[in-house]
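Undergrad: With the sequence up front, the predicted model follows.
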Amino acid sequence: MTHEGSSIDPTKPSIARVYDYLLGGKDNYAVDREIGDVFKRDLPGSVAIAFANRAALTRAVREIAQTTDVRQFIDLGSGLPTADNVHQVAQRNAPESRVVYVDIDPQVLVHGRALLENNERTRVVAVDVRDPEGIRTHPDTLELIDFNRPVAVILSAILHHVNDDEDPAGIVRYWREQVPSGSYFFVSHFRSGNNAETLEAEKVLQQTFGRGRWRTDEEIAALLDGLEILDPGIVPASLWRPDEHDSQWNGDGQRELTVWEHLIAAGLARKA
């Protein structure tokens with residue numbers, strides 16, 4: 001993986017830039033669009049995964065800011081700035097919210113720091129997600145986050161890029177042990193569908209980046225061991241507390257999801 005100080009390499013695809021392209025962003029190169037086009041062309045409908053994930057993240061941050069006293073957020077593997085970033089959603093609903101973004105993609109660091117240059121309540125920390133101690137003790141983290149008070153830990157579309165032998169459960173466990181009662185954990189994750197679409201999408205990611213692990217709902221829930229998973233549990237991201245006014249939903253609050261929307265799950269958990 002990339003480390004701070006590395007320059008942007010436009011010849012190698014970046015997970016963050018491929019996501020950016022799928023979400024309609026402009027901060028990507030031809031090599032990233034080539035990967036994104038595999039999804040758009042060969043796996044039509046798969047772009048819904050990125051949008052469903054982003055929408056669930058937005059709803060979760062908004063809910064935490066509106067309905068709890070938590071005013072500190074750590075966004076692990078944050079990716080490139082897009083519409084409705086965590087700090088924008090949180091500070092729109094609770095202006096005193098403080099946000100630490102964590103990513104090691106050099107382009108994320110450049111764009112993130114430029115975006116946040118005049119935001120005193122937000123920082124970008126360049127430490128690998130697999131080094132939680134390095135994140136926790138980073139001066140910028142310690143400047144903004146008071147670990148004696150509840151924290152919202154955001155793990156949006158990042159743990160599926162952590163292979164089993166890299167101990168994703170250990171990453172969550174570290175943060176669970178570091179934050180006090182009343183803290184929240186939002187997770188979204190590629191969800192095994194036991195179908196051709198899952199297998200093909202997983203193969204594209206593994207061939208491109210050498211990593212990517214789809215997990216079942218039970219495996220995703222196990223990553224949150226020791227935390228109380230709140231209603232509605234680990235569910236497809238589009239079904240995670242959808243907005244009532246969303247025109248896509250019928251009177252029962254349901255609609256038929258596409259096969260792709262079933263392939264990204266989301267959940268919110270709380271430390272008792």
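TA: In hand now; what should we look at?

Undergrad: Show me which positions of the helix or strand harbouring E143 end up buried.
TA: Under the criterion of DSSP states H and E, E143 resides in helix 139-144. For helix 139-144, the neighbour count (16 or more other Cβ atoms under 10 Å) marks 140-141, 144 as buried. For glycine as for every other residue, the C-beta is placed from the backbone atoms N, C-alpha and C.

Undergrad: Next: stretch 202-217.
TA: By neighbour count on 16+ other Cβ under 10 Å, the buried set for stretch 202-217 is 202, 204-205, 208-209, 212-215, 217.

Undergrad: which of these sit farthest apart?
TA: Every pair in the buried residues of stretch 202-217 was compared (Cβ to Cβ); the two farthest apart turn out to be T208 and D217, at 25.4 Å.

Undergrad: Do you have the strands of the protein handy? List them.
TA: Using DSSP state E, the strands found in the chain span residues 72-76, 98-102, 122-125, 152-156, 184-190, 228-229, 235-236, 264-270.

Undergrad: Could I get the contacting residues of the closest residue to F190 other than its chain neighbours?
TA: With Cβ to Cβ, 6 or more residues apart in numbering as the criterion, F190 has its nearest non-adjacent residue at 4.2 Å, and that residue is H160. For H160, the contacting residues are 189-190, 212-215, by Cβ atoms under 8 Å, 6 or more residues apart in numbering.

Undergrad: What is the nearest of the residues you listed to D42?
TA: Among these, G212 lies closest to D42 (Cβ to Cβ), at 16.2 Å.

Undergrad: Tell me what F185 is bridged to.
TA: Applying DSSP bridges to F185 yields these beta-bridge partners: V153, A269.

Undergrad: quick one: contacts for it?
TA: F185 touches 152-153, 155, 172, 175-176, 224, 227, 268-271, counting by Cβ under 8 Å, 6+ apart.

Undergrad: Any chance of the residues you listed in a markdown table with distance to K40, neighbour count and pLDDT as columns?
TA: Listed next are these as a markdown table, based on distance: Cβ to Cβ, whole Å; neighbours: other Cβ atoms under 10 Å; pLDDT from 0 to 100:
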| residue | distance to K40 | neighbour count | pLDDT |
| --- | --- | --- | --- |
| A152 | 32 | 26 | 98 |
| V153 | 32 | 24 | 98 |
| L155 | 26 | 25 | 98 |
| V172 | 32 | 25 | 98 |
| W175 | 34 | 20 | 98 |
| R176 | 37 | 17 | 98 |
| L224 | 32 | 21 | 98 |
| L227 | 36 | 23 | 98 |
| L268 | 30 | 25 | 98 |
| A269 | 33 | 24 | 98 |
| R270 | 37 | 19 | 98 |
| K271 | 39 | 19 | 98 |
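
Undergrad: Show me which of the residues you listed is closest to D27.
TA: L155 (22.3 Å).

Undergrad: In helices, which of the buried residues of stretch 202-217 fall?
TA: Among the buried residues of stretch 202-217, DSSP state H puts 202, 204-205, 208-209, 217 in helices.

Undergrad: Now do the helices in the stretch 51-200 of the chain.
TA: Secondary structure of the stretch 51-200 of the chain, counting by DSSP state H, counting those that start in this stretch: helices at 86-93, 106-115, 132-136, 139-144, 168-178, 196-209.

Undergrad: Including distance to R71, could those helices go into CSV?
TA: Listed next are those as CSV, based on distance: least, Cβ to Cβ, whole Å:
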stretch, distance to R71
helix 86-93, 8
helix 106-115, 20
helix 132-136, 18
helix 139-144, 11
helix 168-178, 17
helix 196-209, 34
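
Undergrad: Could you say which one of those comes nearest to V38?
TA: So among the helices of the stretch 51-200 of the chain, helix 196-209 is nearest, using Cβ to Cβ, at 5.5 Å.

Undergrad: any idea of the angle that closest one forms with strand 184-190?
TA: 100 degrees (axes from the mean of the first three to the mean of the last three Cα atoms, to 10 degrees).

Undergrad: How far away from the center of its chain is helix 196-209?
TA: Put simply, helix 196-209 sits 19 Å off its chain's centre (Cα atoms, centre = their mean, to the nearest Å).
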